[in-house]
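*Asks:* Need a 3D model of the sequence below.
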Amino acid sequence: GIFVCMLLVLTVLSIKPGIADFYDIIYVDDSNTEGPWLGTLEYPYQYIQDGIDNANPNDMVYIFNGIYYGETPYNILIEKPLHIKGESQENTIIDGKYRIQNNGLIIMTSLLTIENLTISSRADYGKFGIESIDDDPWTGLTFKNLTIHHFQYGIDLTQNDISSLTVEDCDIYDLLKMGI
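*Replies:* Take a look at the predicted model:
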């Protein structure tokens with residue numbers, strides 16, 4: 001009885017590793033230019049913002065290698081707890097050029113993990129690589145394996161009271177003002 005239950009639990013956990021960290025995986029691939037765009041592995045969204053907008057809280061948005069430009073005037077806006085993960089730090093690139101303020105990511109949420117991305121602004125040193133624009137206190141922010149460059153500021157967290165922040169293995173360089 002107990003052995004069968006434990007075997008069943010281990011089997012279920014091995015099917016979907018990290019189930020406690022996120023519910024579903026939403027896929028994004030800039031090479032899917034003709035659709036359909038369903039967010040699945042076979043039919044990923046073309047744009048990161050579409051993946052974020054169609055994800056539920058605590059989902060993972062997995063971004064395949066490519067160069068992504070923001071789809072909103074201020075680039076990419078994150079307003080719910082998510083795990084955003086690039087395929088590789090070197091080749092999954094968010095480019096802030098062509099946006100009104102040349103920002104990379106704008107964050108308005110807690111319980112957020114962002115990893116394995118390069119965030120750059122190759123046009124006139126954008127303002128922020130990652131910017132917070134919400135006055136609510138934040139908890140549970142993790143930035144891991146990020147490269148942020150060619151901005152005035154790397155990560156701007158001055159708008160918030162942050163109770164839990166992890167910055168791990170991030171390269172922040174070629175900034176006009178400050179890193180974090």
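*Asks:* Which residues does the residue nearest the centre of the chain form beta bridges with?
*Replies:* By C-alpha atoms, centre = their mean, the mean C-alpha position of the chain lies nearest to Ile84, the distance being 3.4 Å. Beta-bridge pairing of Ile84 under DSSP bridges involves Val61, Ile114.
*Asks:* what about it, distance to Lys177?
*Replies:* Here the criterion is C-beta to C-beta, to the nearest Å. By it, Ile84 lies 25 Å from Lys177. From N, CA and C alone the C-beta is placed, and that goes for glycine too.
*Asks:* So Asp53 belongs to a helix, correct?
*Replies:* Yes - counting by DSSP: H, G, I helix; E, B strand; the rest coil, Asp53 is part of a helix.
*Asks:* what lines up beside the longest strand along the chain in the sheet?
*Replies:* Of all segments of type strand in the chain, defined using DSSP state E, the longest is strand 141-156. Sheet partners assigned to strand 141-156 using DSSP bridges are listed as strand 112-120 (parallel), strand 126-132 (parallel), strand 165-168 (parallel), strand 171-178 (parallel).
*Asks:* What average pLDDT does it get?
*Replies:* The average pLDDT within strand 141-156 is 83.
*Asks:* what about it, distance to the chain center?
*Replies:* Relative to its parent chain, strand 141-156 has a centroid offset of 11 Å by C-alpha atoms, centre = their mean, to the nearest Å.
*Asks:* Which residues belonging to it are considered buried?
*Replies:* Under the neighbour-count criterion of 16 or more other C-beta atoms under 10 Å, strand 141-156 has 141, 143-156 buried.
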